[in-house]
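>>> attaching a predicted model along with its sequence, questions to come.
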Amino acid sequence: MEGEDVMETAANGHPLGQCLSTYIDQGSIESHRYYLARRTLLEMLHDRGYVVPQSDLNQSLEEFRAACTQNPDVERLRICSAHRSDHSKRIMAIFCGPSIVKVNVMRHIGSQIANKDSLSGLILVLQSEITNPAMKHVENWAFKVEIFQITDLLVNITKHVLKPKHRVLTEDEKQKLLKKYSIHEKQLPRMLLKDAIARYYGLEKGQVVKITHSGEITGSHVTYRCVW
């Protein structure tokens, strides 16, 4: 009836649920991808010990689209953060456009980075391939550069229900572990640098990760892996 809310009912007279169309994302796929990847980046930096505002971590897709539109400008998606325990340690995350990343793109990014001397790391998020000359140009930068494809960041792998809990040991904790079991770090099981968890935490060779497994059948147990 006009002017009244009419709820559709099934044949048995019981009201039906909301129309499924209300659950369909009406926005652009591009903005959704950027939102998911940027959220994972923020969570990644937070887990690495960098300062990330809680409001950014809690930002909804609707709020992201309101701020960045349905076709976000990658320049506005940049993230710059200082480490909680050492504010002189800064990291920056930059999204690259959908085109192939050539050396001129890297030169442009390098020219735009202010205070390069105080930057300890840079994360580049690509949507396409990067050429060999561009990679060689990046290798000459004084700070560590990490490269992710945007598809790597659409889901935060550390939040997967089947993924055990990982915690990076401090150097002091690592030495106590080695002393406790009278072993050398090379005797620990290995985790490769290219492992998804190692990349998420930005680990370096020699760092040790504590892995806590839990399950109804196996119960809870702890293992350690050294990055190589």
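Arrived safely, thanks for sending.
>>> show me the longest helix that occurs in the protein.
helix 29-47 (DSSP state H).
>>> what lies in contact with that one?
25, 52, 56-57, 59, 61, 64-65, 68-72, 74, 77, 79, 81, 91, 93, 95, 123, 125, 150, 153-156, 158, 200-201 (CB atoms under 8 Å, 6 or more residues apart in numbering). C-betas here are computed from N, CA, C, even on glycine.
>>> hey, where'd the helices end up in this structure?
29-47, 54-57, 61-68, 103-112, 132-139, 171-181, 196-201.
>>> turn those helices into TSV, columns for mean neighbour count.
Below are the helices of the chain laid out as TSV (neighbours: other CB atoms under 10 Å):
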stretch	mean neighbour count
helix 29-47	19
helix 54-57	11
helix 61-68	14
helix 103-112	14
helix 132-139	14
helix 171-181	13
helix 196-201	18
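>>> quick check: which of these is nearest to residue 146?
helix 196-201 (7.1 Å; CB to CB).
>>> contacts for stretch 192-209 next, please.
Residues from elsewhere that reach stretch 192-209, judged by CB under 8 Å, 6+ apart: 44, 47-48, 121, 144, 146, 148, 152, 157-158, 166-169, 173-174, 177, 185, 188, 191, 224-228.
>>> select only the buried ones of those in ChimeraX?
Selection of buried members from the contacts of stretch 192-209 for ChimeraX, criterion 16 or more other CB atoms under 10 Å:
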select :44,47,48,121,148,152,158,166,168,169,174,177,185,188,191,224,225,226,227
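>>> before we move on, back to that, reformat the helices of the chain as TSV; add distance to residue 210 and mean pLDDT.
Formatted as TSV, those follow (distance: least, CB to CB, whole Å; pLDDT from 0 to 100):
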stretch	distance to residue 210	mean pLDDT
helix 29-47	14	96
helix 54-57	24	96
helix 61-68	34	95
helix 103-112	36	90
helix 132-139	32	93
helix 171-181	8	96
helix 196-201	12	96
